[in-house]
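# Turn this into a structure:
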Amino acid sequence: MRPNVVFLGFKNDWLTKPQSTVDYFNMLHDALDLNYGVGILRLQSGLDFTDFFGQDLPEDQDDDDDDDNEDSVDEEKPEKFVSSSPLRRNSKCSQPRQSNVVMLKNTILNKGALITMNVFHSKHSLSTIIDVWWLFDDGGLTLLLPYLLRRRKRWRHSQFRIFSCVSGEKVDAEKQHLAMASLLKKFRINYTDLHVLHGLNKTPNEN
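Below you'll find the predicted structure:
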């Protein structure tokens, strides 16, 4: 998203791929150094669905067989049977069988995978969380985007948590908390939680 927003997916394999994790971390730092807004989308199933399309069905050869049989003279025709008694429709047989597999064109796809791929086309419950880290004043764009997203019917019931940081002590964090709460109320932005962390400039310990 241009001109000042970087939108990334969450890196789920950061424990197993240290080198790419460093690149991912540096990318976040570069975006913040340029005063860009950074958005990170995290899904439990991830964003890569290429593994779901690994099972391909063989091409249908019926068309070729039909073409070969068109010139055949000794083609057998199906016999027709006539019954004098009316047929009774079996209610059990008429109902379609429930299956966990969806057939796309030459592809076997699990229904659970199909639901996961269409996660943004369904309503989201309270278990969906939108976290905003407002590290600097970017004109309110970092808060405006989630606010507009939650106005949509599908995201209306999702949680909206806001985090901010101050370089001072706990007293400064409390003052910042009151100031941010007043600002959000002024702009009528409803949120679930508001957290202000202090000690931003402190060096992290080894633990």
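
# Strands of the protein, start to end?
In the chain, the segments counted as strands under DSSP state E are 5-9, 37-41, 101-104, 107-110, 129-134, 159-165, 193-197.

# will you turn those strands into TSV that also has distance to residue 174, mean pLDDT and mean neighbour count?
To be clear about C-beta, it is placed using only N, CA and C from the backbone, and glycine gets the same treatment. Shown next, in TSV, are the strands of the chain (distance: least, CB to CB, whole Å; pLDDT from 0 to 100; neighbours: other CB atoms under 10 Å):
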stretch	distance to residue 174	mean pLDDT	mean neighbour count
strand 5-9	30	85	14
strand 37-41	26	83	16
strand 101-104	53	49	11
strand 107-110	50	56	14
strand 129-134	17	86	17
strand 159-165	12	90	18
strand 193-197	8	92	15
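
# Between the ones you listed, which one is closest to residue 177.
strand 193-197 (4.4 Å; CB to CB).

# Only the C-alpha atoms, please, for the closest one, written as PDB.
This file holds the C-alpha atoms of strand 193-197, laid out as PDB (Å, rounded to 0.1, in the frame of the first residue of the first chain):
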ATOM      1  CA  ASP A 193      -7.900  -2.400  25.200                       C
ATOM      2  CA  LEU A 194      -5.400   0.400  25.400                       C
ATOM      3  CA  HIS A 195      -1.900  -0.300  26.700                       C
ATOM      4  CA  VAL A 196       1.000   2.200  27.100                       C
ATOM      5  CA  LEU A 197       4.400   0.600  27.700                       C
END
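
# Tell me the strands beside it, with direction?
Strand pairing for strand 193-197, using DSSP bridges, gives strand 159-165 (parallel).

# Tell me where the model's unsure across this structure.
Scanning the chain for pLDDT under 70 picks out 1-3, 44-126, 138-139, 207.

# Of the strands of the chain, which is nearest residue 171?
strand 193-197 (11.2 Å).

# what's the angle from that closest one to strand 129-134?
Going by axes from the mean of the first three to the mean of the last three CA atoms, to 10 degrees, strand 193-197 is angled at 40 degrees with respect to strand 129-134.

# For residue 20, see how far away residue 164 is.
29 Å (CB to CB, to the nearest Å).

# Also residue 153?
When residue 153 is compared with residue 20 (using CB to CB), they lie 37 Å apart.
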